[in-house]
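take a look and give me a structure for this.
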Amino acid sequence: MRGWLIALAVLVHQVSGATQPATASSSAAARESTWRYTVLRGDTLYGVVRTDCKPGTSWVALQRLNRVHDPRRLQPGRILEIPSAWLLARATPAEIIHVQGEVELWRDGARERVHVGMQVREGDRLSSGDGAAVSLRLADGSRVLLRPRGELKLDEHVLLGASGAVRSHIRLNAGDLDVRVPPSGTKRQLEVETPSAHLGVRGTEFRTHVDDTGDGGTRLEVLHGQVAARALADKTAGVHGAAKRGRTDRPRAASGSRVVEAGQGLRLAQSGSGPVLALLTAPGLGGLPARVERLPLRFEWAALEGAHGYRAQVFAVDDSDALLLDGLATEASARWADLPDGRYELRVRGRDANGFEGRDARHVFTLKARPQPPFTRSPVPGARVWGSPTRLSWTQADGAARYHLQIARSDVFEAPLVDLQDVRDTEYAAELPPGRYHWRLATVRGDGDHGPFGDAQVFEQRAIPPAPGAAVAESDEGGLRVRWPAAAAGTRYQLQLARDASFAVVLTDTTTEQAQAALGVLEPGRYHLRVRSLDPDGFAGPWGAAQSIEIPSNRWWLLLVPLLLLAL
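From the prediction side, this is the model:
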């Protein structure tokens, strides 16, 4: 009796189901987009229809479409093809998980500023400005990153049936989109559409770019998994799926899809697609610093063979959703003006002659550029300083409570001669013996936050040239000549002769490389003279003690000169 009742129920359902809209022929259903459902242990065809399909859907049509022999006994792991139009779909929002810069959301004709945690609904449009980026988390855990100067629309984002499966359709109108789809877990159907291409995604990671040229070409770069890509013809006709979703402007899919594997790129246009190309390998970033203490940020790396340019990006460390900086360069280098202190990941990839971007090289670094060191004032770089102490001075740094001063013989400061971490003033007098020195400063805030050292400056400490000893006067037929003890080799001398002891009016002011000078025949009277040493670099030492000489009025005075030169 029980078997007869089941057979009768099946017959009644078959008869009634034949009148339902969902009982389209299997050939017609196959032409629609389908959902590939993986059978679980205990599933029946009746249960799948009841939980995952719209009310009134005929399990008989599904049985015919999939050639199921026994609707009550399904093999676990089997794939059931279910037309998308039959599925029970409930709209669900995506979520903003990262915003950088100026990003706007357009909803029902109104513009809103985007913030983290904001929900994005079907029909919403996002646009990113220069230097801006926004990341979305879809209901299935997929991540979508819209890079600077991009625009996307969330055409569809629904939960299917009771299984938690997710179907998403994103339209990229301009710019660059990075997509990361988990390789397993939630059942999903994710499609990305551009003006010239349709991309069908399963578990994968890829990048796509819409050219701003006239043909609106699409560049696809697959990093992991596979992407089924097909070019789209002109927008003169819609398809069933477009009408179903209320989007009658979707382009028609050109015949044939191409599977693009990891490490490959493909360009698609409305006229068709080009050849599949191999992506460039990752450049080498060996030698880049793990700690950066200067702004602007500067990175340089070895040129990559085959690269005609590079894209460099900075992300928050261990967070591929948080794009902070993005830029293109023709040389193997990157530069950005500013970034808050913290830990980051630099990503660099090469661009080939066709514009395809290759594999990423990654480098984690810490930026510690604040509090910034003060500017040094004196001595100026490379200065020579005579005499001790050497007076070092610098500007007042913003937020500084104190300064850390180091002076060393070596520019690596491995063994500083002076290492003071609590200098409260903006100057310091250093007692140093003659020699070459390097000095640098760091700012320390009141909370103990120690900033990086500034660029080391160098100066040379020199001893002041000694004053010459007492002069000795001699006479000859040419007149008066004075001599004094010679200083170190290379020293020059300056001699002055005056009538007054203050040297207000100097009669003779001469320099000589010898420790002597000829003064010629002088008029009778008292004279004062003084001598000082000149360093080879021109630095003048102190004047020696002034001395005086009395010139008699008779011509025999020259015989008495040695007796007439007296200390003043």
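
pairing partners for the residue lying closest to residue 422 once chain neighbours are set aside in the sheet, please.
Among residues not flanking residue 422 along the chain, residue 402 sits closest, at 5.2 Å (Cβ to Cβ, 6 or more residues apart in numbering). C-betas here are computed from N, CA, C, even on glycine. Using DSSP bridges, the bridge partners assigned to residue 402 are residue 444.

check contacts around the spatially most central residue of the chain.
Centroid-nearest residue in the chain: residue 314, 4.2 Å away (criterion: Cα atoms, centre = their mean). Residues near residue 314 by Cβ atoms under 8 Å, 6 or more residues apart in numbering: 297, 323-326, 336, 339, 344-347.

residue 292 versus residue 365, what's the distance?
Separation of residue 365 from residue 292 (Cβ to Cβ, to the nearest Å) stands at 6 Å.

the longest strand anywhere in the chain: which residues count as buried?
Using DSSP state E to define each element, the chain has its longest strand at strand 165-180. Under the neighbour-count criterion of 16 or more other Cβ atoms under 10 Å, strand 165-180 has 165-172, 174-180 buried.

next: stretch 377-384.
Per 16+ other Cβ under 10 Å, stretch 377-384 contains these buried residues: residue 379.

next, the distance between the ends of it.
Start and end residues of stretch 377-384 are separated by 14 Å (Cα to Cα, to the nearest Å).

any idea how far it is from the chain center?
Relative to the centre of its chain, stretch 377-384 is centred 34 Å away, using Cα atoms, centre = their mean, to the nearest Å.

so what are the sheet partners of the helix or strand hosting residue 200 and their directions?
Here residue 200 sits within strand 197-201, counting by DSSP states H and E. Partners of strand 197-201 in the sheet, by DSSP bridges, are strand 188-193 (antiparallel), strand 226-231 (antiparallel).

what angle separates the last one from strand 165-180?
Counting by axes from the mean of the first three to the mean of the last three Cα atoms, to 10 degrees, strand 226-231 lies at 90 degrees to strand 165-180.

ok, back up a step: beta partners of the residue nearest to the centre of the chain?
Beta-bridge partners, per DSSP bridges, of residue 314: residue 325, residue 346.

can you give me the pLDDT of it?
At residue 314, the model reports a pLDDT of 99.

next up, the contacts around residue 330.
So, once contact is read as Cβ under 8 Å, 6+ apart, residue 330 ends up touching 308-310.

next one: residue 212
residue 174.

mind checking how far it is from residue 192?
For residue 212 relative to residue 192 (Cβ to Cβ), the value is 18 Å.

tell me who's in contact with residue 145.
Contacts of residue 145 (Cβ under 8 Å, 6+ apart): 133-136, 177-180, 320-321, 323.

would you turn those residues into CSV with distance to residue 156 and pLDDT?
Listed next are the contacts of residue 145 as CSV, based on distance: Cβ to Cβ, whole Å; pLDDT from 0 to 100:
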residue, distance to residue 156, pLDDT
133, 23, 98
134, 19, 98
135, 19, 98
136, 14, 98
177, 16, 98
178, 20, 98
179, 15, 98
180, 19, 97
320, 24, 93
321, 22, 96
323, 25, 98
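
which residues touch the residue nearest to residue 415 when sequence neighbours are not counted?
Nearest in space to residue 415, with sequence neighbours left out and distances taken as Cβ to Cβ, 6+ apart, is residue 408 at 6.7 Å. By Cβ under 8 Å, 6+ apart, the contact list for residue 408 reads 414-418, 437-439.

now the contacts of residue 330 as a markdown table including pLDDT, neighbour count and distance to residue 269?
Formatted as a markdown table, the contacts of residue 330 follow (pLDDT from 0 to 100; neighbours: other Cβ atoms under 10 Å; distance: Cβ to Cβ, whole Å):
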| residue | pLDDT | neighbour count | distance to residue 269 |
| --- | --- | --- | --- |
| 308 | 98 | 13 | 21 |
| 309 | 98 | 16 | 22 |
| 310 | 99 | 25 | 25 |
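
out of these, which comes closest to residue 429?
Nearest to residue 429 among the contacts of residue 330: residue 310, at 49.7 Å, using Cβ to Cβ.

where does the stretch 1-150 of the chain have low pLDDT?
1-32 (pLDDT under 70).

strands along that one, start to end?
Residue ranges of the strands in the stretch 1-150 of the chain, as given by DSSP state E, counting those that start in this stretch, are 34-38, 79-83, 89-91, 94-100, 103-107, 110-113, 119-120, 125-128, 133-137, 143-146.

got those strands as a markdown table, with distance to residue 370 columns?
Below are the strands of the stretch 1-150 of the chain laid out as a markdown table (distance: least, Cβ to Cβ, whole Å):
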| stretch | distance to residue 370 |
| --- | --- |
| strand 34-38 | 53 |
| strand 79-83 | 57 |
| strand 89-91 | 46 |
| strand 94-100 | 20 |
| strand 103-107 | 27 |
| strand 110-113 | 28 |
| strand 119-120 | 35 |
| strand 125-128 | 28 |
| strand 133-137 | 24 |
| strand 143-146 | 28 |
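
out of the ones you listed, nearest to residue 550?
Between the strands of the stretch 1-150 of the chain, strand 94-100 lies closest to residue 550; by Cβ to Cβ that is 88.0 Å.

now do that closest one: everything it contacts.
So strand 94-100 is contacted by 114-120, 131-139, 143-144, 154, 157, 168, 319, 321-324 (Cβ under 8 Å, 6+ apart).

so how far is that strand from its chain's centroid?
20 Å.

and the angle for that strand with strand 133-137?
150 degrees.

just give the strands next to strand 94-100 in its sheet, each with its orientation.
strand 119-120 (antiparallel), strand 133-137 (antiparallel).

deepest of those, which one?
strand 133-137 (a mean of 24; mean count of other Cβ atoms under 10 Å).

next, the angle from it to strand 103-107.
Going by the same axes, to 10 degrees, strand 133-137 makes 50 degrees with strand 103-107.

CA atoms of strand 133-137 as PDB?
Provided in PDB are the C-alpha atoms of strand 133-137 (Å, rounded to 0.1, in the frame of the first residue of the first chain):
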ATOM      1  CA  ALA A 133      40.600  52.400  -3.000                       C
ATOM      2  CA  VAL A 134      37.800  50.400  -1.500                       C
ATOM      3  CA  SER A 135      37.400  46.700  -0.500                       C
ATOM      4  CA  LEU A 136      34.200  44.700  -0.400                       C
ATOM      5  CA  ARG A 137      33.500  41.400   1.400                       C
END
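
which is the succeeding secondary structure element to the helix or strand where residue 438 lies?
Using DSSP H and E, residue 438 maps to strand 435-444. Per DSSP H and E, the first helix or strand lying C-terminal to strand 435-444 is strand 457-462.

mind listing what's buried in that next one?
457, 459-462.

that one pairs with which strands?
strand 383-386 (parallel), strand 435-444 (antiparallel).

could I get the strands paired with strand 197-201 as JSON lines with mean neighbour count, mean pLDDT and distance to residue 62?
Listed next are those as JSON lines, based on neighbours: other Cβ atoms under 10 Å; pLDDT from 0 to 100; distance: least, Cβ to Cβ, whole Å:
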{"stretch": "strand 188-193", "mean neighbour count": "22", "mean pLDDT": "91", "distance to residue 62": "17"}
{"stretch": "strand 226-231", "mean neighbour count": "21", "mean pLDDT": "93", "distance to residue 62": "24"}
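
hmm, residue 44 and residue 68 touching each other?
No: with contact defined as Cβ atoms under 8 Å, residue 68 and residue 44 do not form a contacting pair (9.9 Å).
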